[in-house]
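S.K.: Give me a model of this one.
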Amino acid sequence: MTPPDDPVARLADEPVPSSQRGERLLDLVRVQARLRGPDGCPWDAEQTHASLARHLLEETHELLEAIDAGDDEALRDELGDVLLQVTFHAQIAADEGRFDVDDVAEGLVRKLVHRHPHVFADVAVAGADEVLVNWERLKAEEAGGRTGVDEDIPASLPALARAAKVQRRAAGWGFEWRSADAAVAALREEVGELAEAATGGDGAAVEAELGDVLFAAVAVGRRFGVDPESALRRTIRGFAARYERFVALAAERGIDVDAASEEELRALFREAREA
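M.R.: Below is the predicted model of the structure:
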């Protein structure tokens, strides 16, 4: 009988909410083991965690492209490519007798159950934002207590994503703007300080204030549930599309962009944006 106080063990009694009850995941594990086996693929057999690292990064970026494009077929395929990387790394470890894919899944299941006490225990939450705050608190408990607010966050993480993670962790430890209005007010204040620094012509001061503006903008995104990396990617795509219309309009009207005034350029770009 399943122990009543073990939510992980109780999961075995629940149906698998998948079209084929997860059987194809097991097939993937079997295929991966075969590829790395004695009669498998020479390329697969010689791979290491280090040699696969770049592929994981590439596949992750391709997955992000599919998400941004809203393309379900591409999303399914790219999720498969990322899942391949997970099973590949797990099989390498299994071949070396360190751990296997079940150890990976078991650790993840226990982590998810522990960090969702509002689902698997009797903790109440007011909304999604509080879930993320609790996540950071529980993560700190698992690590034996609070450490540096940016400790163990990869330095290679894109700066906006790193800022969001640092702010989420700080919120988990009690520091965050209590309202969206307060976050927006802080952003306005930082923009004012940036304008002042720009007037002074001090490059170092501008850099410092620009960093503050970006960090404050991330905080605003947090209050509205907006991911800053996704928002910036969307803006970049929009700018690229508008720029191409801008170039086409300039060519159509015989406008020399290099010789045009700032007012002319702004008017033309505004027209391209409205188009």
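
S.K.: only C-alpha atoms for contact and neighbour calcs from this point on.
M.R.: Will do.

S.K.: mind checking the SS state of Arg273?
M.R.: helix (DSSP: H, G, I helix; E, B strand; the rest coil).

S.K.: and the closest residue to it other than its chain neighbours, what element?
M.R.: Using Cα to Cα, 6 or more residues apart in numbering and skipping residues adjacent in sequence, the residue nearest Arg273 is Arg242, 5.4 Å away. In the assignment (DSSP states H and E), Arg242 maps to helix 228-252.

S.K.: Tell me which residue lies nearest the centroid of the chain.
M.R.: The centroid of the chain falls nearest to Ala161 when counting by Cα atoms, centre = their mean (6.6 Å).

S.K.: what's the pLDDT at that residue?
M.R.: At Ala161, the pLDDT value in this model is 88.

S.K.: Same question for the one 10 residues further on.
M.R.: What the model reports for Ala171 is a pLDDT of 80.

S.K.: Surely it touches Trp135?
M.R.: No. Counting by Cα atoms under 8 Å, Ala171 does not reach Trp135; the two are 10.3 Å apart.

S.K.: Pull up the overlap in contacts between these two.
M.R.: With contacts defined as Cα atoms under 8 Å, 6 or more residues apart in numbering, no residue is shared by Ala171 and Trp135.

S.K.: Give me the mean pLDDT for the helix or strand that Gly80 is a member of.
M.R.: Using DSSP H and E, Gly80 falls within helix 72-95. Averaged over helix 72-95, pLDDT sits at 95.

S.K.: what's the offset of it from the middle of its chain?
M.R.: Here helix 72-95 is found 17 Å from its chain centre; the criterion is Cα atoms, centre = their mean, to the nearest Å.

S.K.: Run the angle between the helix or strand following that helix and helix 72-95 for me.
M.R.: The element immediately downstream of helix 72-95 (helix or strand, assigned by DSSP H and E) is helix 101-114. Put simply, helix 101-114 runs at 120 degrees to helix 72-95, going by axes from the mean of the first three to the mean of the last three Cα atoms, to 10 degrees.

S.K.: for the helix holding Gly80, packing partners?
M.R.: Counting contacts by 3 or more Cα pairs under 8 Å, 6 or more residues apart in numbering; DSSP states H and E, helix 72-95 is packed against helix 23-36, helix 49-69, helix 101-114.

S.K.: Tell me which of these sits nearest to Phe215.
M.R.: helix 49-69 (22.6 Å; Cα to Cα).

S.K.: For the helix holding Arg242, which helices and strands make contact with it?
M.R.: So helix 228-252, by 3+ Cα pairs under 8 Å, 6+ apart, packs with helix 159-172, helix 262-274.

S.K.: just the ones you listed: most buried one?
M.R.: helix 159-172 (a mean of 19; mean count of other Cα atoms under 10 Å).

S.K.: Need the contact partners of it.
M.R.: Helix 159-172 has contacts (Cα under 8 Å, 6+ apart) with 132-137, 149-150, 153-155, 176, 214-215, 218-219, 222, 227-229.

S.K.: What of stretch 185-202?
M.R.: Stretch 185-202 is contacted from outside by 205-206, 209-210, 212-213, 216-217, 220, using Cα under 8 Å, 6+ apart.

S.K.: residues of it that come out buried?
M.R.: 186-187, 190-191, 193-194, 197-198 (16 or more other Cα atoms under 10 Å).

S.K.: can I see the domain layout of the chain?
M.R.: 7-114, 116-176, 179-226, 231-274 (automatic domain parsing).

S.K.: May I have the distance across the last one, first residue to last?
M.R.: Length of domain 231-274, first residue to last, Cα to Cα, to the nearest Å: 20 Å.
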